[in-house]
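Novice: need a structure here:
(one chain, ligands or ions: 2)
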Amino acid sequence: MKPSVHEVTPDQQARAVLVSLVTQSLKREENYDPDYSLAELIRLAETAGVEVLGTLSQNKEYADSKWFIGKGKAQELKDELEALGANTAIFDQELSGAQVRNLEQFLDVKIIDRTQLILDIFAGRAKTREGIIQVELAQLSYLLPRLSGQGKNLSRLGGGIGTRGPGETKLETDRRHIRDRISELKRQLQEVVRHRVLHRERRKKTGVFQVALVGYTNAGKSTLLRQLTQADVYVENQLFATLDPTSRALKLPGGMEIVLTDTVGFIQNLPHDLVAAFRATLEEANEADFILHVVDSSTEMMEVQMHVVDEVLEELGAHGKERLTLFNKTDLLPPKQREMLTTEGEFLRISAYSEQDLGRILDALERHLMGDSRTFRIPAEKGDVISLVYRVGEVLENEVDGGDMLFKVRVNNKEYDKLGYLLAAYDSAQLIHGENEGETSEYV
Ligand SMILES: Nc1nc2c(ncn2[C@@H]2O[C@H](COP(=O)(O)OP(=O)(O)OP(=O)(O)O)[C@@H](O)[C@H]2O)c(=O)[nH]1
Ligand SMILES: [Mg+2]
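Specialist: Numbering: from 1, shown residues only. Ligands and ions are numbered 1, 2, ... in the order given. Coordinates of the predicted model:
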């Protein structure tokens with residue numbers, strides 16, 4: 001590797017000051033909270049192995065086209081970088097190529113933005129061929145429009161934190177070379193994605209019910225997969241612990257097998273290039289029959305995070321999908337606060353570490369898959385109706401009540417409509433009650 005002026009070599013620890021610019025347009029964004037965004041940037045930086053020495057914020061109407069922050073602020077940053085002995089400045093928003101070059105020249109440190117930082121973390125996480133290709137594709141797509149000039153200048157933008165730049169193309173880059181590489185990666189990705197799709201189609205054909213664990217990064221998705229299926233997956237109190245989707249078979253209490261898939265976590269301002277490159281991976285959520293939305297209910301930013309997940313799901317076209325919200329980590333909350341957790345649609349309050357709660361998740365899944373249980377009263381002599389009940393549903397209990405039989409049957413909604421229609425033909429058979437009638441949307 002031919003180090004550029006500001007390249008932080010792998011053995012040189014990145015020591016950074018983090019910079020946030022709060023513009024008017026950002027302030028208007030519904031989900032934007034500058035303090036939270038900066039706090040999240042600190043976590044991202046630490047996850048990438050950066051030593052965070054300090055932070056700096058500025059309120060300004062617009063970003064400066066040349067310096068991003070104001071010129072005066074840039075001087076302040078320069079002083080702080082020097083005082084703290086930092087070798088890197090990380091910006092909470094995406095910078096243009098020109099801004100990076102100007103800042104780098106003026107500050108004499110490595111300049112990184114939020115997108116690059118996330119790409120860098122992803123680069124460190126990618127293990128499968130698909131993941132590795134996707135990351136490099138995202139990195140190069142980010143890099144390409146930011147290139148200008150020739151020769152050495154080109155190299156400075158490529159390196160992320162400096163340890164995980166995109167592939168071998170990193171230093172002797174020219175635009176054509178990068179474009180060629182992007183096409184090549186896209187071709188390779190298509191190949192790999194075809195395998196994923198085939199695999200998914202095969203699973204679908206077998207009629208196996210697909211459930212996706214979806215949610216903000218660090219919500220506890222992998223923990224749940226591990227707890228529910230004993231899968232040996234990576235769980236860490238880090239952002240983006242999971243990159244590649246993992247699927248595991250899971251047996252429901254009634255004996256039915258489903259497939260549960262852990263997916264990559266979402267984050268605010270998920271870099272556009274990353275979303276594009278990871279489309280196939282993210283689409284696991286789209287292909288599922290059912291979504292378990294895992295929420296970290298212990299963070300103050302829970303609502304913002306839930307909103308971000310909604311937005312990403314919408315972008316993916318998976319918004320209308322049937323889902324159950326799992327308010328996770330309730331073990332970290334006082335009971336009062338726990339009770340306040342609520343949302344539209346169905347939800348459960350859980351801890352991934354509670355056996356009992358895992359059971360409730362399985363029951364809820366089963367209910368969705370198999371339908372609710374309902375009780376029917378059928379005259380004992382109506383053998384044909386009784387056999388019909390056995391055919392369309394799962395009889396959980398039956399008892400004799402005078403001349404009638406009482407059947408508690410689990411039946412999904414589609415079959416239930418059919419059954420109701422058929423039963424209507426028999427005036428003496430009746431539905432006594434659906435078990436969940438009048439219940440709140442939470443299963444208890
Ligand atoms: N106290 C508590 N901690 C939990 C619970 N569930 C998960 N955690 C912790 O939360 C952290 C993140 O868990 P992961 O399962 O890695 O989260 P994830 O959603 O897979 O995160 P990404 O892969 O980064 O998207 C880990 O430190 C877990 O131990 C819970 O119910 N209670
Ligand atoms: Mg995970």
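
Novice: what packs against the one helix or strand Val385 maps to?
Specialist: Using DSSP states H and E, Val385 maps to helix 383-392. In terms of contacts (3 or more Cβ pairs under 8 Å, 6 or more residues apart in numbering; DSSP states H and E), helix 383-392 is packed against strand 372-379, strand 404-411, helix 413-424. Heads up, the C-betas are built off the backbone N, CA and C, glycines and all.

Novice: I'd like to know how far Asn218 sits from ligand 2.
Specialist: Asn218 sits 8 Å away from ligand 2, taking Cβ to the ion, to the nearest Å as the criterion.

Novice: just Val294 next, same as before
Specialist: Using Cβ to the ion, Val294 is found at 9 Å from ligand 2.

Novice: which of the residues in stretch 104-118 are buried?
Specialist: Buried residues in stretch 104-118, counted by 16 or more other Cβ atoms under 10 Å: 104, 106-107, 109-118.

Novice: likewise for stretch 310-327?
Specialist: Those would be 311-313, 316, 318, 321, 323-327, for stretch 310-327 by 16+ other Cβ under 10 Å.

Novice: among the residues you listed, which are located in strands?
Specialist: Mapping the buried residues of stretch 310-327 onto strands (DSSP state E) picks out 323-327.

Novice: between those, which is nearest Glu394?
Specialist: Leu324 (20.6 Å; Cβ to Cβ).

Novice: against ligand 1, how distant is the closest residue to the closest one other than its chain neighbours?
Specialist: Nearest residue to Leu324, sequence neighbours excluded (Cβ to Cβ, 6 or more residues apart in numbering): Glu346, at 5.0 Å. In this structure, Glu346 and ligand 1 are 19 Å apart, going by Cβ to the nearest ligand atom, to the nearest Å.

Novice: can you tell me how far Glu346 sits from Ser354?
Specialist: As judged by Cβ to Cβ, to the nearest Å, Glu346 and Ser354 stand 19 Å apart.

Novice: quick check: closest non-adjacent residue to the closest residue to ligand 1 within the stretch 151-300 of the chain.
Specialist: Per Cβ to the nearest ligand atom, Gly265 is where the stretch 151-300 of the chain lies closest to ligand 1, at 2.4 Å. Of all residues not flanking Gly265 in the chain, Thr217 sits nearest, at 3.0 Å (Cβ to Cβ, 6+ apart).

Novice: same thing with Lys329?
Specialist: Ser298 (4.3 Å).

Novice: what pLDDT is listed against the one you found?
Specialist: Here the pLDDT value assigned to Ser298 is 97.

Novice: quick one, phi/psi of it?
Specialist: Main-chain dihedrals, Ser298, degrees, to the nearest 10: phi -90, psi -10.

Novice: what residues does the stretch 301-444 of the chain put near ligand 1?
Specialist: Residues of the stretch 301-444 of the chain lying close to ligand 1 by Cβ under 6 Å from any ligand atom are 328-329, 331-332, 351-353.

Novice: in strands, which of these fall?
Specialist: If you go by DSSP E, those have Asn328 in strands.

Novice: most neighbours among the residues of the stretch 301-444 of the chain next to ligand 1, please name it.
Specialist: Looking at those with neighbours defined as other Cβ atoms under 10 Å, the largest count falls to Asn328 at 27 neighbours.

Novice: surely that one and Val295 touch.
Specialist: Yes. Between Asn328 and Val295 there is a contact at 6.1 Å, judged by Cβ atoms under 8 Å.

Novice: overlap of the contact sets of those two?
Specialist: Taking Cβ atoms under 8 Å, 6 or more residues apart in numbering as the criterion, Asn328 and Val295 both touch Ala219.

Novice: who's in contact with the residue nearest to the spatial centre of the chain?
Specialist: Geometric centre of the chain, nearest residue: Gly265, 2.6 Å, by Cα atoms, centre = their mean. Contacts for Gly265 (Cβ under 8 Å, 6+ apart) come out as 215-219, 221, 239-242.

Novice: among the residues you listed, which one lies nearest to Ser25?
Specialist: Relative to Ser25, the closest of the contacts of Gly265 is Tyr216; by Cβ to Cβ it sits at 23.5 Å.

Novice: in what helix or strand does the residue lying closest to Phe278 once chain neighbours are set aside lie?
Specialist: What sits nearest to Phe278 in space, not counting adjacent residues and going by Cβ to Cβ, 6+ apart, is Gln134, at 5.2 Å. Element membership for Gln134 (DSSP H and E) is helix 129-143.

Novice: the residue nearest to Leu324 touches Thr325, doesn't it?
Specialist: Yes. With contact defined as Cβ under 8 Å, Glu346 reaches Thr325; the gap is 6.9 Å.

Novice: mean pLDDT lowest where, among the helices and strands packed on helix 383-392?
Specialist: Among the helices and strands packed on helix 383-392, helix 413-424 has the lowest mean pLDDT, at a mean of 68.

Novice: around ligand 2, pick out the residues from the protein.
Specialist: Counting by Cβ under 5 Å from the ion, the chain comes close to ligand 2 at 221-222, 241-242.

Novice: swap in 6 Å and give it another go.
Specialist: With Cβ under 6 Å from the ion as the criterion, the chain meets ligand 2 at residues 221-222, 241-242, 262.

Novice: next, give phi and psi for Ile42.
Specialist: Main-chain dihedrals, Ile42, degrees, to the nearest 10: phi -60, psi -50.

Novice: mind listing the helices for the stretch 201-350 of the chain?
Specialist: 221-229, 272-277, 279-287, 302-316, 335-340 (DSSP state H, counting those that start in this stretch).

Novice: what's the most buried one of the ones you listed?
Specialist: Comparing these by mean neighbour count (mean count of other Cβ atoms under 10 Å), helix 221-229 comes out on top with a mean of 22.

Novice: other SSEs contacting that helix?
Specialist: For helix 221-229, the packing partners by 3+ Cβ pairs under 8 Å, 6+ apart are strand 209-215, strand 246-251, strand 257-262, strand 290-296, strand 323-328, helix 355-370.
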